[in-house]
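A.B. asks: Okay, predicted coordinates and the sequence, questions at the end:
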Amino acid sequence: MKPTAFLKFSLTAGVVGTRQIALAVTLATLTTVVVFMPLIFMTENRTLRVVFSNIGVPLSVSLLASLFIAIVFLPVIAARLMRKEP
């Protein structure tokens, strides 16, 4: 197989694999973020709001950043690593 053909195969494999798991990963991540949303918007007790918003916001942001990296960057990195050197 020519190196350019293998590169096209690895890029195609990355795109197909991402499409297959993107919905499941996105829904699992969003479910976890939605579970922690009440902690962010807790307003009755100021002390509890400060404590739990310090947990909910970083957790939600890190989960969304992880989702973005898993869907955008990891397939590209995997396609680069799958390439055979000529």
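C.D. replies: That came through fine.

A.B. asks: Val33 and Leu64 touch, don't they?
C.D. replies: Yes. Taking contacts as Cβ atoms under 8 Å, Val33 lies within contact range of Leu64: 6.6 Å. In short, each C-beta sits where N, CA and C put it, glycine included.

A.B. asks: need the next SSE after the top helix by length along the chain, C-terminal direction.
C.D. replies: Identified as the longest helix of the chain according to DSSP state H is helix 3-40. Later in the chain than helix 3-40, the nearest helix or strand by DSSP states H and E is helix 46-68.

A.B. asks: buried ones in that next one?
C.D. replies: The neighbour-count check on helix 46-68 (16 or more other Cβ atoms under 10 Å) flags 49, 52, 56, 59-60, 63, 67 as buried.

A.B. asks: got any ranges where the chain has weak pLDDT?
C.D. replies: Applying pLDDT under 70 to the chain flags the ranges 1-8, 43, 83-86.

A.B. asks: In terms of secondary structure, what does the longest helix of the chain contact?
C.D. replies: Contacts defined by 3 or more Cβ pairs under 8 Å, 6 or more residues apart in numbering; DSSP states H and E place helix 3-40 against helix 46-68, helix 74-82.

A.B. asks: between these, which one is nearest to Ala13?
C.D. replies: Judged by Cβ to Cβ, the one of those that comes nearest to Ala13 is helix 74-82, at 7.1 Å.

A.B. asks: Pull the distance from the closest one to the chain's centre.
C.D. replies: Offset of helix 74-82 from its chain centre (Cα atoms, centre = their mean, to the nearest Å): 15 Å.

A.B. asks: What angle do helix 3-40 and that helix make with each other?
C.D. replies: 150 degrees (axes from the mean of the first three to the mean of the last three Cα atoms, to 10 degrees).

A.B. asks: Would you mark the buried spots in helix 74-82?
C.D. replies: Result for helix 74-82 [16+ other Cβ under 10 Å]: buried residues 75, 79.

A.B. asks: Going forward, count from 472.
C.D. replies: Okay, residue one is now 472; in that scheme the one you just asked about reads as helix 545-553.
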